[in-house]
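Colleague: Dropping a prediction and its sequence here:
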Amino acid sequence: MTERSDLAELAKRRGFFFPANEAYGGTAGLYTYGPEGAALKRNIEAVWRDQFVRAAGHMEVESPTVVPEAVFEASGHLETFDDMIVECAECGATHRADHLVENAVPDVDDAEAFAPRRIADLVADHDMACPSCGASLAGRPVDEFNLMFGTNIGPGSSSPGYLRPETAQGIFVEFPRLKEYAHNQLPFGVAQIGRAYRNEIAPRRALVRVREFTQAELEHFVDPEFDEPPIAPVADVELPLYGAEAQRADAGGTETYTVREALDAGVVGSDWVAYYLAESLAFYERIGIDMERFRYRQHLPGELSHYAADTWDAETELGGDWIEVTGFAYRSDYDLRKHGEYAEAEYTVFRQYDEPKTVERATVDPDMSYLGPTFGDAAADVGEALESLAARDRSAFDGDAVTVAVGEDSYTLPVEKTGFAVEERTESGEHVTPHVVEPSFGVGRLVYSVLVHRHGTDEVDGEERTSLALPAEVAPTTVAVFPLMTKDGLDDRAGEVAAALRAAGLAVSYDDTGNIGRRYRRQDEVGTPYCVTVDYDTLEDDTVTVRERDSTDQTRVAIDDLPGAIDRLVGGATLAEL
Ligand code: GAP
């Protein structure tokens, strides 16, 4: 199969996904999931939720997708969530300038890290042409383009906002409340599945790079000093790793390391990241990713996000290219520290000491009757600056005078006016800013990868068939019910069988059109793992034929037993074991 054309055709014809708003000419980078695709996506999300929320004992939240500007000022997205863009003077098309450079210049694979000036020089030096019309791009400026969709919250422009580019910020912002639900105790994890928006310069490859997509993110808040992941149970799990060093080597490729080996050799720098790489393998397998076409790739230094210390991507191979489906980042204390600086709330957790400690604390109690007349409007800021200087560097108060900086200005005053003192205190604990470990899954890319990896053709009874070998747990329909004929009461009986299976909680479809062979083909094509046929024997002995998609084997099962039998098949039993 050619991934792009055949899959796009199947996806549209059978209702997995299709370009949105086509009746109005379409909009690049926006897709609608049809009935089959929406069900597949929902089922993949359910597996994720089962593993990363329920089984792990984490919380799940749902935060707004429209977010006020102040949040992204704090998070750094306003300043740094940019891609580089070059516009063709001839046809007006815009292109990702760093991608043009990576495609045209040998040995450059992380141009994202270059400054726009350098990219512009490389575009000119290599005389690059506009991919749309062929005109020269030499001499064209390279600009930074912020990927967030802007809006106004309410009428007027006094309250700017953005559609969130990641679900994560909705979790970080609410940390002061969330920590209370966790009884102020680390570690704890908060998950969110929801929409994210990025005004991508060049949407491409169906669901792979779109402007609105679903993320499933887990933010695991840990105490950097005391919390460790449970490495022992995953120590022998084998990870397919493509580390930064292997990427730089001429003949480097994916190598298999156990978790223990990867940590001992320093290939993976963070125990927490290694833990999540191991934990996530079971998830990918469960949803149907072909693990022969899967790897973990480490970010090169230039690729690291503004918040990330060590990052690995899970990648799937699609038509010869490797596509990122998940980012695993050690975000350190970056996010909570920034929100702590910008917001009016406490983004720390109180860590209780085993035993109270007696400590020396430097404090100030400025004489405001001196600061007020002397520093005017700046007096309060000078007071705050003195307080933080005392906590940071008490030796600054050793002389007769002390100087503090407030913004660009500095202020000097006699130490005796600061009320500086060093006190002994007994403290029961301290405030720490948690670190964050984040696995961030792109649901659309997972849906797309599963479709590509599971789509295949074979021959049945001398005829070619196409099928989707989806795991039963994620297939849109678990069982399809057919009456052999729409007469002699077979259709009524089949309707009753379908209703009983639905009542048992299964996803069922009913089809009485065309011959049985064609109905099987239709279900094979959308990945239905089991089909049930009601025939004339059913009227005699209350049994039906159950047919398995992958082997095409069939067996007869009593109708009373059918819901349980299908459940056992979904759980891994074979037809012979029923
Ligand atoms: N909170 C971290 C974060 O957002 P990211 O690597 O930018 O990290 C996480 O995004 C995942 O979201 C990616 O691994 C990818 O699967 C998905 N993703 C990102 N941009 C996307 C886009 N334009 N279209 C589809 N999926 C995208």
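Modeller: Looks like it arrived, so ask away. Values in this document were obtained by computation on a predicted structure and should not be read as measured data.
Colleague: for this structure, which spans come out with low pLDDT?
Modeller: Applying pLDDT under 70 to the chain flags residues 1-3, 305-309.
Colleague: Tell me which residue in it sits closest to the ligand.
Modeller: residue 442 (1.9 Å; CB to the nearest ligand atom). Backbone N, C-alpha and C define where each C-beta goes, glycine included.
Colleague: Which residue, neighbours along the chain excluded, lies closest to that residue?
Modeller: residue 325 (5.7 Å; CB to CB, 6 or more residues apart in numbering).
Colleague: show me what contacts that neighbour?
Modeller: 313-316, 441-442, 445-446, 449 (CB atoms under 8 Å, 6 or more residues apart in numbering).
Colleague: Sitting in strands, which of the residues you listed do you find?
Modeller: 313-316, 441-442 (DSSP state E).
Colleague: that older thread, isn't the residue of the chain closest to the ligand right up against residue 213?
Modeller: Yes. Using CB atoms under 8 Å, residue 442 and residue 213 qualify as a contacting pair, with a distance of 6.2 Å.
Colleague: Show me which of these two is the more surrounded one.
Modeller: Shown here are residue 442 and residue 213; by other CB atoms under 10 Å, residue 442 has more neighbours (25 against 20).
Colleague: ok now do that one, which residues does it touch?
Modeller: Each residue near residue 442 by CB under 8 Å, 6+ apart is listed here: 213-215, 324-326.
Colleague: Tell me which of these fall in helices.
Modeller: Assigned to helices by DSSP state H, none of the contacts of residue 442 qualify.
Colleague: Give me the neighbour count for the nearest residue to residue 406 once chain neighbours are set aside.
Modeller: The shortest distance from residue 406 to any non-neighbouring residue, by CB to CB, 6+ apart, is to residue 381 (4.5 Å). For residue 381, the tally of surrounding residues (other CB under 10 Å) stands at 17.
Colleague: count of residues packed around residue 357?
Modeller: Neighbour count for residue 357, taken as other CB under 10 Å: 12.
Colleague: Which helix or which strand is home to it?
Modeller: When elements are assigned from DSSP states H and E, residue 357 belongs to strand 349-363.
Colleague: strand partners of that strand, parallel vs antiparallel please.
Modeller: Strand 349-363 sits in its sheet next to strand 421-432 (antiparallel), going by DSSP bridges.
Colleague: In contact with the residue of the chain most remote from its centre, which residues?
Modeller: Each residue of the chain has a distance to the centre, and by CA atoms, centre = their mean the biggest one is for residue 400: 55.5 Å. Listed by CB under 8 Å, 6+ apart, the contact set of residue 400 reads 414-416.
Colleague: what does this protein put close to the ligand?
Modeller: Contacts of the chain with the ligand, taken as CB under 6 Å from any ligand atom, map to 166, 168, 198, 200, 209-210, 213, 215, 217, 324-327, 438, 440, 442, 444-445.
Colleague: Just the buried subset of these, written out for PyMOL, thanks.
Modeller: Provided next is the PyMOL selection string for whichever of the residues of the chain next to the ligand are buried by 16 or more other CB atoms under 10 Å:
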select buried, resi 166+168+198+200+209+210+213+215+217+325+326+327+438+440+442+444+445
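Colleague: Tell me which of the residues of the chain next to the ligand fall in strands.
Modeller: 213, 215, 217, 324-327, 438, 440, 442.
Colleague: What is the most widely separated pair among those residues?
Modeller: Based on CB to CB, the longest span within those runs between 213 and 438 and measures 16.8 Å.
Colleague: Make CSV from the contacts of residue 442 and add distance to residue 222 to it.
Modeller: Output for the contacts of residue 442, formatted as CSV (distance: CB to CB, whole Å):
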residue, distance to residue 222
213, 27
214, 26
215, 21
324, 24
325, 24
326, 19
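Colleague: Kindly confirm my reading that residue 156 forms part of a helix.
Modeller: No. Residue 156 is assigned coil when assessed by DSSP: H, G, I helix; E, B strand; the rest coil, not a helix.
Colleague: show me what contacts residue 494?
Modeller: Per CB under 8 Å, 6+ apart, neighbours of residue 494: 481-483, 510, 512, 534.
Colleague: partners of the helix or strand where residue 329 lies in the sheet?
Modeller: For residue 329, the element it lies in under DSSP H and E is strand 321-332. Applying DSSP bridges to the sheet, strand 321-332 is found paired with strand 310-318 (antiparallel), strand 435-442 (antiparallel).
Colleague: and those, which is most packed in?
Modeller: Highest mean neighbour count among the strands paired with strand 321-332 (mean count of other CB atoms under 10 Å): strand 435-442, with a mean of 25.
Colleague: if I read this right, residue 549 contacts residue 469, doesn't it?
Modeller: Yes. Using CB under 8 Å, residue 549 makes contact with residue 469 at a distance of 7.3 Å.
Colleague: Touching both of those two, which residues are there?
Modeller: With CB under 8 Å, 6+ apart, residue 549 and residue 469 have common neighbours residue 527.
Colleague: who's more crowded, those two?
Modeller: Legend: neighbour count by other CB under 10 Å for residue 549 and residue 469, higher for residue 549 (22 against 18).
Colleague: ok, now how distant is that one from residue 288?
Modeller: Taking CB to CB, to the nearest Å as the measure, residue 549 falls 13 Å from residue 288.
Colleague: go on, residue 414?
Modeller: 73 Å.
Colleague: ok, these two, which is more surrounded?
Modeller: residue 288 (24 against 12).
Colleague: Hmm, residue 452 and that one touching each other?
Modeller: No. Counting by CB under 8 Å, residue 288 does not reach residue 452; the two are 10.5 Å apart.
Colleague: mind exporting the lengthiest helix in the chain as CSV, just the C-alpha atoms?
Modeller: Longest among the helix segments of the chain by residue count, using DSSP H, is helix 271-287. The C-alpha trace of helix 271-287 is given here as CSV (Å, rounded to 0.1, in the frame of the first residue of the first chain):
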residue,chain,number,x,y,z
ASP,A,271,15.7,7.6,35.7
TRP,A,272,12.2,9.0,35.4
VAL,A,273,12.4,9.3,31.6
ALA,A,274,13.8,5.7,31.3
TYR,A,275,10.9,4.5,33.5
TYR,A,276,8.3,6.0,31.2
LEU,A,277,10.0,4.8,28.1
ALA,A,278,9.7,1.3,29.5
GLU,A,279,6.2,1.7,30.8
SER,A,280,4.9,3.0,27.5
LEU,A,281,6.0,0.1,25.4
ALA,A,282,3.1,-2.0,26.6
PHE,A,283,0.7,0.8,25.6
TYR,A,284,2.1,1.0,22.0
GLU,A,285,1.8,-2.8,21.7
ARG,A,286,-1.7,-2.8,23.1
ILE,A,287,-3.1,-0.3,20.6
